[in-house]
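In: sequence-free structure coming up:
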């Protein structure tokens with residue numbers, strides 16, 4: 001199938017979403033619930049040892065969000081599409097009644113749009129609920145990030161929402177490429193490849209910069 005059909009694309013996306021749920025559903029749910037897990041560890045676990053009731057600050061929660069995003073980036077593409085390099089699973093995927101373009105678009109949409117949006121919405125909802133019941137101090141992460149000086153000042157303004165989303169989506173696509181390109185050690189080889197590219201680019205800039 002070489003022609004493009006929007007109906008087939010929709011069915012392919014639905015099929016890929018089933019793949020996400022089967023291969024990564026519980027892991028994604030755990031990542032979404034990380035605010036609650038962190039709250040349990042940080043706030044309630046110390047009570048068992050006679051310590052005082054603690055409320056995590058917004059900065060501590062930003063660190064947890066960053067770590068959770070990194071975990072999503074390195075694990076999701078590999079878990080969802082990594083088995084396509086396996087002969088049996090790869091053959092089954094190739095036999096799907098959809099064109100190569102439709103399968104490619106579906107991968108990009110699921111990896112760079114649907115999964116990140118579901119993650120962000122779910123994560124921020126859990127964080128907001130914990131803040132509203134008084135288990136977190138400093139308000140919700142949404143409000144904390146919105147009030148960041150970086151978002152609005154007279155010198156340099158950075159939209160953290162767009163930056164966070166595009167950073168997550170872009171890195172998800174990079175690790176998706178690694179998942180469908182490398183046959184073994186997908187995550188490790190992807191990280192090593194990124195490191196090698198960074199070294200080459202850095203070396204090239206170091207050589208070129210003095211001549212500019």
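Out: Ah, there it is. The shown structure was predicted, so the numbers you read here are calculated from the model rather than taken from an experiment.
In: name the helices or strands packed onto the helix or strand of the chain with the lowest mean pLDDT?
Out: For the chain, using mean pLDDT, DSSP states H and E, the weakest element among its helices and strands is helix 87-94, scoring a mean of 78. With contacts taken as 3 or more Cβ pairs under 8 Å, 6 or more residues apart in numbering; DSSP states H and E, helix 87-94 sits against no other helix or strand. Glycine gets a C-beta too; all of them are placed from N, C-alpha and C.
In: Identify, by residue count, the longest helix of this protein.
Out: Taking DSSP state H as the criterion, the chain has its longest helix at helix 6-32.
In: buried residues in the helix or strand following it?
Out: Where DSSP states H and E defines the elements, the next helix or strand beyond helix 6-32 is helix 34-39. By 16 or more other Cβ atoms under 10 Å, the buried positions in helix 34-39 come out as 34, 35, 38, 39.
In: Find out how far helix 34-39 is from the centre of the chain, if you would.
Out: Relative to the chain's own centre, helix 34-39 is displaced by 17 Å; criterion: Cα atoms, centre = their mean, to the nearest Å.
In: So for that helix, mean pLDDT?
Out: Per-residue pLDDT values across helix 34-39 average out to 94.
In: Go through stretch 57-73 and flag the buried ones.
Out: Buried residues in stretch 57-73, counting neighbours by 16+ other Cβ under 10 Å, are found at 58, 61, 64, 65, 68, 69, 72, 73.
In: can you redo these as CSV with secondary structure and pLDDT?
Out: Shown next, in CSV, are the buried residues of stretch 57-73 (DSSP: H, G, I helix; E, B strand; the rest coil; pLDDT from 0 to 100):
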residue, secondary structure, pLDDT
58, helix, 87
61, helix, 91
64, helix, 94
65, helix, 94
68, helix, 96
69, helix, 95
72, helix, 96
73, helix, 95
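In: Buried residues of the least confident helix or strand of the chain, list them for me.
Out: Buried residues in helix 87-94, counting neighbours by 16+ other Cβ under 10 Å, are found at residue 93.
In: Now find how far off-centre the helix or strand following it is within its chain.
Out: The element immediately downstream of helix 87-94 (helix or strand, assigned by DSSP H and E) is helix 100-109. In terms of Cα atoms, centre = their mean, the centre of helix 100-109 is found 18 Å from the chain centre.
In: Show me what helix 100-109 is in contact with.
Out: Outside helix 100-109, the residues that touch it by Cβ atoms under 8 Å, 6 or more residues apart in numbering are 1-2, 4-5, 8-9, 12-13, 15-16, 81, 93, 96, 98, 173, 176.
In: Mind giving me the ChimeraX select for those residues, buried ones only?
Out: Burial among these is assessed by 16+ other Cβ under 10 Å; the matching ChimeraX selection reads:
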select :8,9,12,13,16,81,93,96,98,173,176
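In: Among the buried residues of stretch 57-73, which one sits closest to residue 28?
Out: Taking Cβ to Cβ as the measure, residue 72 is the one of those closest to residue 28, at 7.6 Å.
In: Now do the contacts for the closest one.
Out: Residues in contact with residue 72, defined by Cβ under 8 Å, 6+ apart, are 28, 31, 115, 116, 119, 168, 172.
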